[in-house]
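In: the sequence and its predicted three-dimensional model are supplied below.
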Amino acid sequence: MSATPNDSTVRGFSHFRLPAELQNSIDFFRQLLNSAPDPMLVIDEPGEILIANAQCQALLGYSARELVGKTVEILIPESLRHHHVELRQYYRDNPMPRPMGSGRELQVLRKDGSVIDVEISLGSIEANDRLLVTAALRDVSERKKIQQEINYLASYPRLSPIPIVEMGNFGEIIYLNPVAEAAFPELVTDNTHSHPVTAGIVELFPHLRNGSAAVTRNIIVGEKAFEQQLVYIPDTDRVRVYSWDVTRLKAITEKLVYQSHHDVLTGLVNRQHFHARLDQAVAVAQNNGVTSSLGYIDLDQFKVINDTCGHKAGDVLLKLLASELKTKLRTNDVLARLGGDEFGFLLDSCPVSVARDVANKLRKTVEDFRFTWEQKVFGLGASIGLVEIKPDSSSSASLLSAVDAACYMAKEKGRNQVYVHEDSDTTLQSRTREMNWTRKIRSAIEENRWELYFQKIVSIDRSRTNYEVLLRMRNRAGELVLPGQFVPAAERYGMMMNLDSWVVQNTVEAIQLGRFGSQGHVSINLSGQTLANSRVMQEIVRKIDELDEPSRICLEITETAMISNMSLAEQFIKALRERGCKFALDDFGSGLSSFAYLKLLPVDMLKIDQMFVNEIAYDRVSWAMVESINQVGHVMNLSTVAEGVENDETIRCLQEIGVDFIQGYGIHMPEPVIR
């Protein structure tokens, strides 16, 4: 590029001939740079200096004409140029303003080869789709020099806020700064080597004098703790001893370490530390063949005390009971609080045959414990699971899963008893698998690995289409998991409410986005747990209220769930019916008293259980059941839906019977809802 022939220097700054697309911006640049008190540059994206004001010469030694057309790296020391290019490219991609006072400090190479420290303030200007960078430079060399002097003065022993002692070649105390005199007054009069501050330093002199690194050590003086740093000063052949008072820091550190390992309420070991101790026990068993035992305690009837007397009473009880339980174990055993009213114990080098007696002793301790609060006396029980830690135990996680399942079995068998895990126990293995699924479900909820699918429900004459939404889970490997694998565990362990809420929320959003067109209702299955929880049902009602057409929602409920929660079900069915929602009785015919209850259930649709539909083409009883359900439904003005339709022969039979709607793999394979 060449400078403008007739205007190479304009009002104190030089510029080159700007591209045509930037000519409209030249007057702005002139005014800006002329008014700036600091040296200023305008740089384009490749790093070329487009404009430099006259102030640059005083700071940099270059005239404005000498800078224009050069890359900005002419001002950067050679050893730093590569890094500067990276910084410039980073700023180009992230053009945030950096005002003076908060800008970056860097070294600049002057024309005479000297290097100075400057602070650089950056700004960006977009001129006709081109990004230009303005850079203002300010000399901070003097400021840095003053700061270095201040730092030096602050480090001078007499002015230091920490105790400093200087010792001579033979360990004699040569100097104490005022803070050291106040902290260690005995050193002023006693020049011996026995004081903790100076003890052992004479022996370290050769090590320090040989140019080795400074020595750091900890000492105790009375009730205070100090961290010392010993530094050799070659000019005076002395050792300078810095002593920092770390008493408070030490106390805080010890407290934090204790809290990280212990439960705040009971003082017992907490879950994290318990798991670490369990890992050690597993390793010892695997490596040395030493058998230990793991126990899990769940208090029975604790919720009654919390509900009756409040959480304060519950906390007092847990604290007292924890103290009592601890007295029943050996000092090398571990008792931990793992949850609200859940405890774990680890019996070191103890086979399960002996551990069973210890577990029963703990159970009896809980059973005999009496808690008095506001003149009321309460008793408790304890369901305890027990598992042996053997050389072939695979991991802590598998043991925790097994002992958790064993504790659950103790509850199912009547509570207040000990249940020992056995590898051959098929019931326990089934329960363990279910509990493993609860962990998978929780992680899928936390990581949002759920997907919404749908299946069409079509009228028998194929003129109308409705939809049923279905839930799927993705495991961490990305594989699709069907409901049959996770729903039993979710139902047993009270997790269906979370899943139902997720389905309702995402179905409402899908309807709002038009994923189901503008016609036909969309069916959502609700579990008995959800139907029995007024809070969750209220949330579902509020979510459905977000729809412009709540009448597009049909809620499917099994007859067992509806009958078990009749009063609450009627309340919410009424509220949602007023909004236009429909209700279907799912899996009808699978209950023992289906027809007897049908007159009491306020529904719009019967979904005939697929166990009858699947066999209708060759089983007369199944035909009769479907026919009778369809007939009763029509007498009561209810629509009927046959589930599990898989082939044309079944469809022909259902047409002959007169069922209203059909659904199944033979009609439509489920597919994902695009959200």
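Out: Yes, it's here. Every value quoted in this text rests on a predicted model; they were computed, and no experiment measured them. Numbering: from 1, shown residues only.

In: for whichever strand or helix holds residue 303, buried residues please.
Out: Using DSSP states H and E, residue 303 sits in helix 302-309. Buried residues in helix 302-309, counting neighbours by 16 or more other C-beta atoms under 10 Å, are found at 302, 305-306, 309. In this view, the C-beta of every residue, glycine as well, is placed from N, C-alpha and C.

In: cool, stretch 408-420 as well?
Out: Those would be 408-411, 416-420, for stretch 408-420 by 16+ other C-beta under 10 Å.

In: for the residue sitting nearest the centre point of the chain, give me the pLDDT.
Out: Centroid-nearest residue in the chain: residue 446, 8.1 Å away (criterion: C-alpha atoms, centre = their mean). At residue 446, the pLDDT value in this model is 83.

In: now residue 354
Out: Here the pLDDT value assigned to residue 354 is 94.

In: kindly report the same for residue 577.
Out: pLDDT, residue 577: 89.

In: so what's the residue count around it?
Out: Residues near residue 577, counting by other C-beta atoms under 10 Å, number 15.

In: thought residue 342 was touching residue 297?
Out: Yes: contact criterion C-beta atoms under 8 Å: residue 342 and residue 297 qualify, at 6.7 Å.

In: the two: which is more packed in?
Out: The neighbour count for residue 342 versus residue 297, taken as other C-beta under 10 Å, is higher for residue 297 (26 against 16).

In: what sits against that one?
Out: 342-345, 362, 366, 382-384, 407 (C-beta atoms under 8 Å, 6 or more residues apart in numbering).

In: helix, strand or coil: sort out residue 667 for me.
Out: coil (DSSP: H, G, I helix; E, B strand; the rest coil).

In: burial of it, as a residue count?
Out: Residues lying near residue 667 (other C-beta under 10 Å) number 18.

In: over to residue 672?
Out: Neighbours of residue 672 (other C-beta under 10 Å): 12.

In: distance of the closest residue to it other than its chain neighbours from residue 471?
Out: Excluding the flanking residues, the one nearest residue 672 by C-beta to C-beta, 6 or more residues apart in numbering is residue 453, at 5.4 Å. Computed with C-beta to C-beta, to the nearest Å, the distance linking residue 453 and residue 471 is 7 Å.

In: ok, now residue 642?
Out: Counting by C-beta to C-beta, the gap from residue 642 to residue 471 is 22 Å.

In: quick one: which of these two has more around it?
Out: residue 642 (31 against 21).

In: show me what that one is bridged to.
Out: Residue 642 forms beta bridges with residue 608, residue 662, as assigned by DSSP bridges.

In: next up, the contacts around it.
Out: 608, 610, 613, 626, 650, 654, 659, 661-664.

In: and for residue 289?
Out: Contacts of residue 289 by C-beta under 8 Å, 6+ apart are residue 391.

In: now with 10 Å?
Out: Going by C-beta atoms under 10 Å, 6 or more residues apart in numbering, residue 289 touches 390-391.

In: test my guess that residue 629 contacts residue 623.
Out: No: using C-beta atoms under 10 Å, residue 629 is not in contact with residue 623; the gap is 11.1 Å.

In: how does the protein divide into domains?
Out: Recorded structural domains for the chain (assignment: automatic domain parsing) are 9-145, 156-249, 263-423, 447-672.

In: follow-up on the earlier one: okay, and the common contacts of residue 453 and residue 471?
Out: Residues touching both residue 453 and residue 471 (C-beta under 10 Å, 6+ apart) are 482-483.

In: please identify the buried residues of stretch 116-136?
Out: When burial is assessed from 16+ other C-beta under 10 Å, stretch 116-136 yields the following buried residues: 116-123, 127, 132-136.

In: so in the chain, which strand runs the longest?
Out: Longest strand in the chain by number of residues (criterion: DSSP state E): strand 115-127.

In: how near is residue 233 to residue 313?
Out: From residue 233 to residue 313 the distance is 65 Å (C-beta to C-beta).

In: repeat for residue 240
Out: Taken as C-beta to C-beta, the span from residue 240 to residue 313 is 60 Å.

In: which parts of the stretch 201-350 of the chain are strands?
Out: With strands called from DSSP state E, counting those that start in this stretch, the stretch 201-350 of the chain shows them at 215-221, 224-233, 238-245, 292-300, 334-337, 342-347.

In: any chance of these in TSV, plus mean pLDDT and distance to residue 74?
Out: Converted to TSV, the strands of the stretch 201-350 of the chain look like this (pLDDT from 0 to 100; distance: least, C-beta to C-beta, whole Å):
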stretch	mean pLDDT	distance to residue 74
strand 215-221	89	46
strand 224-233	89	43
strand 238-245	89	46
strand 292-300	93	72
strand 334-337	94	68
strand 342-347	94	70
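
In: picking that back up, residue 233 and residue 313: which is more packed in?
Out: More crowded of residue 233 and residue 313, by other C-beta under 10 Å: residue 313, with 18 against 11.

In: for the nearest residue to that one once chain neighbours are set aside, list the residues it contacts.
Out: Leaving aside its sequence neighbours, residue 313 sits nearest to residue 373 (C-beta to C-beta, 6+ apart; 4.6 Å). Residues near residue 373 by C-beta under 10 Å, 6+ apart: 305, 308-310, 312-314, 316-317.
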